[in-house]
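[1] Mind folding the following:
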Amino acid sequence: MYSNSNSSQNLQRTHRKNIFYSIILFPWRMILATIDFMIIAIQCFNPKNIDIMRIAFRNLLRNKRRTILISISISGAIIGLTWMSGWMVGMIQEMNQMVIKGGLSHVQISDEKYRDDPGLQYCIQQPSEIINQIKDIEGIENISPRISVESMISSAGNSSSILLQGINPEIEKEISLVGESIIDGDLFSINNGKYIIISQSIASKLNVKVGSKCVIMGPNALGEVEMESVKVGGFYKTGYADYDQYFAFVSLPTIQKMFGLDDAITTIAISVNDKVEPTIIRNEIRSILHDSDTSLEVVSWIEIAPTMVQLMNDMEGMMYAFYSIFYIAMAFGLVNTMLMAIFERRRELGVLLAIGMSPRKLKTMIMLEAVYITTFAGLFGTFVAIGLSELLIPDGLDLAIYAEALETFGLSTKIPFIYSWEAMVIPFVSAILFGMIAGFFPARRASKMNPVESIRAI
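    Have a look, this model is predicted:
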């Protein structure tokens, strides 16, 4: 009785010791495994191992069914990831364009008090001098002087609040949403005098058509209400509800005359090319204008809309989280398949070890098999994903049924698939990396097999 009790206590002590040593040694084992993985990964791409590469490739062809099945499963994951990546990049770009072309532009110059209190009392006097100072900065594509006034537009049947903008249509057609969204009439009609461009949704609310007369009212620099009769010169429709329900456009001379501003404007909007960061242009403009006029504020769209920037960063982070989930699931499937393959080939692997193949070369061979599978599946999945999306949905994914939700995030109802190098390379390279990691553990296990016992296995 005492003997059994002592034996049980000894077993418990031994078990506790084993657990303790396992916990203590775990970090060192992980470090050694990581070093081993890096060495084997380098060996996989070493030209001196060309014979091992050939053997690994032939091993895949020996069991075509298993190779095809695991390749199809990985390709399916890559197709899903590539679609998701292209769609997310499209969403982020749509949001970016909505912010920049929706009125903010890449960089803005205004009076230092204008952003806190956007009224005509804080105008930029003699804007042509400022434009001449900055127009030769490399990277700037367009410079647009603007006037913005919170106003009211009325027809015979109804009225609506608007943000009335005085613009130069020749410039704005290149840098704002209204320039590419006219569906009736002509943007350049505002150059003919007292004409206004409104959205289709505002036109429906006012019950007007092209050529109808409206009255616009707004406060001047002294807070007194000014009124002007205008004709509707055209309608636009961008698909962004916040923009369509709010913005209306007249020519710059018309609004200057209406509010008695002479040559003054409220903002100078600047667009830059895609190769230049807006913050770099902002800093250059600040350095130029600092000596001439310290009352001006120069800001990039990132400073004006930090919430939108954070939202886009969160979406990008979510995309990488999806990558991780997909690849972890893929890695588990690949590990299981490779372990089964090793179990079926125990005798073969035992013979290779018995005739002199080093454990390192055996690990290299097995890891190469995983690399070949993921590389082929990754290439196939990437090309299929891009090909199908270009063939079936070349204009993007139509999500009109979710219009209200999308408009909340500043998105249109049609999200394009944009396949940047990042969107294509990251899923492909990540698949290979996860494939190597998934192949390493079965390879490590195979290299520790006893050759004699493996050869005797049935």
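[2] Per-residue pLDDT of the nearest residue to residue 263 once chain neighbours are set aside, please?
    Take residue 263 and drop its neighbours on the chain: the residue closest to it by C-beta to C-beta, 6 or more residues apart in numbering is residue 126, 6.5 Å away. Placement of C-beta: from N, CA and C, glycine included. The confidence metric pLDDT takes the value 86 at residue 126.
[3] I'd say residue 44 and residue 367 touch.
    Yes. Contact criterion C-beta atoms under 8 Å: residue 44 and residue 367 qualify, at 5.7 Å.
[4] any shared contact partners between the two?
    Counting by C-beta atoms under 8 Å, 6 or more residues apart in numbering, the residues touching both residue 44 and residue 367 are residue 436.
[5] ok, these two, which is more surrounded?
    Neighbours were counted for residue 44 and for residue 367 using other C-beta atoms under 10 Å; residue 367 has more, 28 against 20.
[6] Using the three-state scheme, assign that one.
    Under the three-state scheme (DSSP: H, G, I helix; E, B strand; the rest coil), residue 367 adopts helix.
[7] Would you map out the domains in this protein?
    Listed domain ranges for the chain are 40-94+310-456, 113-294 (source: automatic domain parsing).
[8] wait, which of these is closest to residue 102?
    Ranking those by their distance to residue 102 (criterion: C-beta to C-beta) puts domain 113-294 first, at 5.2 Å.
[9] Pull the distance from the closest one to the chain's centre.
    29 Å (C-alpha atoms, centre = their mean, to the nearest Å).
[10] quick one, what contacts residue 205?
    Residues in contact with residue 205, defined by C-beta under 8 Å, 6+ apart, are 158, 160.
[11] got it, and residue 428?
    Residue 428 neighbours (C-beta under 8 Å, 6+ apart): 78, 378, 379, 382.
[12] wait, is the third one part of a helix?
    Yes. Using three-state DSSP, the assignment for residue 379 is a helix.
[13] Not counting residues beside it along the chain, what's closest to it?
    Nearest residue to residue 379 in three dimensions, chain neighbours excluded: residue 428, at 7.1 Å (C-beta to C-beta, 6+ apart).
[14] Grab the most central residue of this structure for me.
    In the chain, the residue lying closest to the centroid (C-alpha atoms, centre = their mean) is residue 89, at 3.6 Å.
[15] in what helix or strand does that residue lie?
    When elements are defined using DSSP states H and E, residue 89 is found to belong to helix 64-99.
[16] which regions of the stretch 301-450 of the chain lie under the pLDDT threshold?
    Applying pLDDT under 70 to the predicted model, the residue ranges of the stretch 301-450 of the chain that meet it are 398-413, 422-423.
[17] related to what we said a few turns ago, quick one: which two of the contacts of residue 428 are the most distant?
    Once C-beta to C-beta is applied, those give 78 and 379 as the farthest pair, at 8.7 Å.
[18] which of these two has more neighbours?
    For residue 78 versus residue 379, neighbours defined as other C-beta under 10 Å are more numerous around residue 78 (26 against 14).
[19] who are the neighbours in contact with the more buried one?
    Applying C-beta under 8 Å, 6+ apart, we find residue 78 in contact with 377, 378, 380, 381, 382, 385, 427, 428, 431.
[20] give me that answer again for 10 Å
    When contacts are counted by C-beta atoms under 10 Å, 6 or more residues apart in numbering, residue 78 is found next to 326-327, 330, 374, 377-385, 427-428, 430-431.
[21] One more: residue 316?
    Residues near residue 316 by C-beta under 10 Å, 6+ apart: 88, 89, 92.
[22] any chance of the residues you listed in a markdown table, with distance to residue 229 and pLDDT too?
    Rendered in a markdown table, the data for the contacts of residue 316 read as follows (distance: C-beta to C-beta, whole Å; pLDDT from 0 to 100):
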| residue | distance to residue 229 | pLDDT |
| --- | --- | --- |
| 88 | 48 | 79 |
| 89 | 47 | 79 |
| 92 | 43 | 78 |
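[23] what number of residues lie near the nearest residue to residue 192 once chain neighbours are set aside?
    With C-beta to C-beta, 6+ apart as the criterion, residue 192 has its nearest non-adjacent residue at 7.7 Å, and that residue is residue 233. Residue 233 is flanked by 27 other residues according to other C-beta under 10 Å.
[24] I'd say residue 233 and residue 208 touch.
    No. Using C-beta atoms under 10 Å as the test, residue 233 is too far from residue 208 to be in contact (11.3 Å).
[25] Mutual contacts of the two, please.
    With contacts taken as C-beta under 10 Å, 6+ apart, the residues that reach both residue 233 and residue 208 are residue 198.
[26] Identify, from the contacts of residue 316, the entry nearest to residue 50.
    Using C-beta to C-beta, residue 89 comes nearest to residue 50 of the contacts of residue 316, at 38.3 Å.
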